[in-house]
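Peer 1: Return atomic coordinates for the entry below.
(chains A, B, C and D)
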2 protein chains.
Amino acid sequence: MVAHGTHSRRPTLEEVAARAGVGRGTVSRVINGSPRVSDRTRAAVEEAVAELGYVPNTAARALAANRSDSIAVVVPEAESRFFSEPYFSGMVGGVGLALAETNLQLLLTFARGEREQSRLAAYLAAHRVDGVLLVSVHSDDPLADRLIQMDIPTVISGPRSADEPLPSVDTDNYAGARSAVGHLVARGRRAVAIITGPLDVYGAQRRLAGYQDELAASGISYDEKLVVYGDFTEEGGRRCMEELLERGTGLDAVFACSDLMASGARQVLREAGRRIPDDVSLVGFDDSVIARHMEPGLTSVRQPTRDMGRAMTELLLDEIALAAEGKRSSVRRGTQRHLVLPTELVVRASS
Amino acid sequence: MVAHGTHSRRPTLEEVAARAGVGRGTVSRVINGSPRVSDRTRAAVEEAVAELGYVPNTAARALAANRSDSIAVVVPEAESRFFSEPYFSGMVGGVGLALAETNLQLLLTFARGEREQSRLAAYLAAHRVDGVLLVSVHSDDPLADRLIQMDIPTVISGPRSADEPLPSVDTDNYAGARSAVGHLVARGRRAVAIITGPLDVYGAQRRLAGYQDELAASGISYDEKLVVYGDFTEEGGRRCMEELLERGTGLDAVFACSDLMASGARQVLREAGRRIPDDVSLVGFDDSVIARHMEPGLTSVRQPTRDMGRAMTELLLDEIALAAEGKRSSVRRGTQRHLVLPTELVVRASS
DNA sequence: CAGTAGGGTGGGAGCGCTCCCATCCGTGAT
DNA sequence: ATCACGGATGGGAGCGCTCCCACCCTACTG
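Peer 2: Numbering: from 1, shown residues only, chains lettered A, B, ... in the order given. Next up is the predicted model:
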């Protein structure tokens, strides 16, 4: 490794110490903000640091201190979904934002399939990250349990069940669904169909529950003919809508549990000659770009993905601090371990 | 791999060596795939590794070997744009894909503003990454030059000018624009307006050039009244379209240099009572989700963002290898240092 | 049959930092 | 003036790995 312009020869702690006329330990203390340093010394060290353009070597620090100053965001889905779903990018954006205030780094990891997940687990186990943010997980995801076993601080983006052991951040899927259905009912719709998400995702279950409860609260009896089971994809939405029409139930509104499915549904409705919102009201979930650009504009339940990312990060930092203090297990600080963020119904022309 | 109670006590190289009855160096050789190990020994070591569930400690490796086994993707924009633009997520997805085949990690970094960029530069300089992927850069971006100065292997997603010193990957903005305009002309449109991107982005310049050249090639004289300067945003598209209408030129087609701007333009056209495509044909650029969901479907120039991410990664790996060999400067392998990927016109109802 | 390549191998010497203990010195108590 | 206490400081001992040199043994060479 020769002639590497500038970056090949960076100053070390030792050199800063020599320059400032102090010992290695003192410089380390200054760098790490320890209070046990006199003001004079601190100033001298800081000057030397500035003059030399000293930047701590992270690898050395990680090795000595046994921490990595980085967290991993693990997206279990194939990264193809990562594209289409604003959920992910919003989340990642929020994480980035929260991390900007710390000096932690963000490792982005896609884990497709079992083999890669194993590799990933090993990787994470090797102390490469201080904590893990798990985004969008199915209830049977093995990675989550592995992380628990390995005792790695982890926060999950949506609880996998009602009694998720991992700290989690989620949107209020239940309330969101209720607000959507309530809105439809308030508009005079009585035959409200639902295209659900995949029910092995807890959030999808909650949305269905919200739908049911809101109908009940409105005195509308539950008709299972109006319920079809989707998978969050556009194609799935199309298929479900066809199914719904075939059943011949006289529906006058559809609550699709994702914008993508709403989009699929809209296509089928249009092909069938049903006007939106005149004949059928349509409501989605996510309030993604699609909702804003659909024709007519899609009424949708907004999820604060960015805030979620932010909240997850903060929760994780807490977890990491706790782990560092060695206070594992039961006794936790006042922190809310399961955060539920409110949704907001964005009303547009489709309803 | 069973019941690793805690992750606090992972086996070390030394322990593997003891278990296999060999020396530390030998284990290191096996781990790193050196050929200088007899088959018998290798087998023994591999067995010990498996039994102990050994995973190398990256920090130690990084410190000793002076490399990090990770690359950074730097997104200079505020991460708010990261959301809306499928460009970024597509790119990141491609990078992730390419990286899956290596054992490098992906560090995602947002750099808003000058202060953060400086911090970032220092960070990168501290040997924390082996290389940098720079995404979406304005021609006056200071970070790129800093990276060159620091001699850090870097690949940029779009060249900042015709003689970009950094290796780059780009879409064929010029040809893409020509295909869009050519398509419009083939449809019988003669008064084709363009809403450009910000011209401090090289790619936006190329699109404008493509527009001009294609018109010229079609024997249509250039009318600067049909040219308005946008900024890639939806609001900008709206503003530009208004401007265009105010000028009162009898346009019959609009080529917007991003889907977002096309969307803004569409809104204004609709408000003005112009029908798409009957009165005015509309073509966008990106072929994002928006294009697919707009009404009518937006004809758009598709950029293979995913392939770009992939290509950038491969180029970067090459650069890193070159740097490691110490062969800096002029003499480069046969690698194409400026890759231009083809675009594809996706025709929908808007034209 | 001595002499000499090498392929294989072991292990010392760090990489740059944090941790922690020993030491030093100033200050207030006695 | 003496002692004790505690804040400030220096520096040894690693953290787990790679690099590299010395060494060994086998297999040729002449």
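
Peer 1: Figure out the helix or strand that the closest residue to DNA strand D within the stretch 1-150 of chain A lives in.
Peer 2: For the stretch 1-150 of chain A and DNA strand D, the shortest gap (C-beta to the nearest atom of the strand) falls at A:G25, measuring 2.2 Å. To be clear about C-beta, it is placed using only N, CA and C from the backbone, and glycine gets the same treatment. Using DSSP states H and E, the element containing A:G25 is helix A:24-31.

Peer 1: next structured bit after that helix?
Peer 2: Once helix A:24-31 ends, the next helix or strand along the chain (criterion: DSSP H and E) is helix A:39-52.

Peer 1: does any part of that following helix sit near DNA strand D?
Peer 2: Yes - applying C-beta under 7 Å from any atom of the strand, one finds helix A:39-52 touching DNA strand D at A:R40, A:T41, A:R42.

Peer 1: Which secondary structure state does A:R189 sit in?
Peer 2: For A:R189, the secondary-structure state derived from DSSP: H, G, I helix; E, B strand; the rest coil is coil.

Peer 1: Got the phi and psi for it?
Peer 2: The phi and psi torsions at A:R189 (degrees, to the nearest 10) take the values phi -80, psi 140.

Peer 1: Then A:N103?
Peer 2: Residue torsions, per degrees, to the nearest 10, at A:N103 are phi -120, psi 30.

Peer 1: Leaving out sequence neighbours, find the closest residue to A:Q205.
Peer 2: Using C-beta to C-beta, 6 or more residues apart in numbering or on different chains and skipping residues adjacent in sequence, the residue nearest A:Q205 is A:L199, 5.6 Å away.

Peer 1: Just the buried ones among the residues of helix A:39-52 next to DNA strand D, please.
Peer 2: With neighbours counted by 16 or more other C-beta atoms under 10 Å in any protein chain shown, the residues of helix A:39-52 next to DNA strand D contain buried members at A:T41, A:R42.

Peer 1: I'd guessed A:D307 sits against A:P342; true?
Peer 2: No - contact between A:D307 and A:P342 fails when scored by C-beta atoms under 8 Å: they sit 9.5 Å apart.

Peer 1: Which residue does the stretch 151-300 of chain A have closest to DNA strand C?
Peer 2: Closest approach of the stretch 151-300 of chain A to DNA strand C (C-beta to the nearest atom of the strand) occurs at A:P153, with a separation of 16.9 Å.

Peer 1: measure that residue to A:L322 for me?
Peer 2: In this structure, A:P153 and A:L322 are separated by 8 Å, where distance is defined by C-beta to C-beta, to the nearest Å.

Peer 1: between the two, which one's more packed in?
Peer 2: Between A:P153 and A:L322, counting by other C-beta atoms under 10 Å in any protein chain shown, A:P153 is the more crowded of the two (24 against 17).

Peer 1: Settle this for me: that one is touching A:D130, isn't it.
Peer 2: Yes - here A:P153 lies in contact with A:D130, judged by C-beta under 8 Å, at a distance of 6.8 Å.

Peer 1: Now do the shared contacts for those two.
Peer 2: Both A:P153 and A:D130 are contacted by A:I320, under the criterion C-beta atoms under 8 Å, 6 or more residues apart in numbering or on different chains.

Peer 1: thinking again about what came up before, tell me how many other residues crowd the residue of the stretch 1-150 of chain A closest to DNA strand D.
Peer 2: Under the neighbour criterion other C-beta under 10 Å, A:G25 is assigned a count of 13.

Peer 1: what's the spacing between it and chain B?
Peer 2: Using C-beta to the nearest C-beta, to the nearest Å, we find A:G25 at a distance of 19 Å from chain B.

Peer 1: near DNA strand D, which residues of the stretch 1-150 of chain A show up?
Peer 2: Counting by C-beta under 7 Å from any atom of the strand, the residues of the stretch 1-150 of chain A lying close to DNA strand D are A:21-26, A:28-29, A:35-38, A:40-42, A:60, A:63-64.

Peer 1: Separate out the buried members of those.
Peer 2: In these, burial by neighbour count holds for A:V22, A:T26, A:S28, A:R29, A:V37, A:T41, A:R42, A:A60, A:L63, counting by 16+ other C-beta under 10 Å.

Peer 1: What sits closest to the fourth one if chain neighbours are left out?
Peer 2: Just to be clear, that refers to A:R29. Closest residue to A:R29 in three dimensions, ignoring its sequence neighbours and counting by C-beta to C-beta, 6+ apart: A:V37, at 5.0 Å.

Peer 1: Quick check, pLDDT for that neighbour.
Peer 2: Reading off the confidence values, A:V37 has pLDDT 92.

Peer 1: these two touch, right, it and A:T26?
Peer 2: Yes - applying C-beta under 8 Å, one finds A:V37 in contact with A:T26, separated by 6.4 Å.

Peer 1: Give me the common contacts of those two.
Peer 2: A:V45.

Peer 1: so what's the backbone phi/psi at the closest residue to chain B within the stretch 251-351 of chain A?
Peer 2: Of the residues in the stretch 251-351 of chain A, the one nearest chain B is A:E295, at a distance of 2.9 Å by C-beta to the nearest C-beta. Backbone dihedrals for A:E295, given as degrees, to the nearest 10, come out at phi -130, psi 110.

Peer 1: any idea which helix or strand comes after the lowest-mean-pLDDT helix or strand in chain A?
Peer 2: Comparing helices and strands within chain A by mean pLDDT, DSSP states H and E singles out helix A:79-84 as the least confident, with a mean of 64. On the C-terminal side of helix A:79-84, the nearest following helix or strand under DSSP H and E is helix A:86-100.

Peer 1: How about the contacts made by the closest residue in space to A:S139 that isn't next to it in sequence?
Peer 2: Of all residues beyond its chain neighbours, the one nearest A:S139 is A:R160 (4.4 Å), with distances taken as C-beta to C-beta, 6+ apart. The contact partners of A:R160, by C-beta under 8 Å, 6+ apart, come to A:V137, A:H138, A:S139, A:D141, A:A144, A:Y202.

Peer 1: Just the strands from chain A, written as ranges.
Peer 2: Remark: strands of chain A, listed N- to C-terminal, are A:70-75, A:105-110, A:131-134, A:154-156, A:168-171, A:192-196, A:227-229, A:253-256, A:281-286, A:299-302, A:338-341, A:344-346; assignment by DSSP state E.

Peer 1: is any part of the fourth one close to chain B?
Peer 2: No - between strand A:154-156 and chain B, judged by C-beta under 8 Å from any C-beta of the partner chain, nothing touches; the nearest distance is 12.0 Å.

Peer 1: Centre of the chain to that strand, how far?
Peer 2: The chain centre lies 9 Å from the centre of strand A:154-156; the measure is C-alpha atoms, centre = their mean, to the nearest Å.

Peer 1: What mean pLDDT does that strand get?
Peer 2: Per-residue scores along strand A:154-156 average to 95.

Peer 1: go on, stretch A:290-309?
Peer 2: If you average the pLDDT over stretch A:290-309, you get 93.

Peer 1: again with stretch A:250-270
Peer 2: 96.
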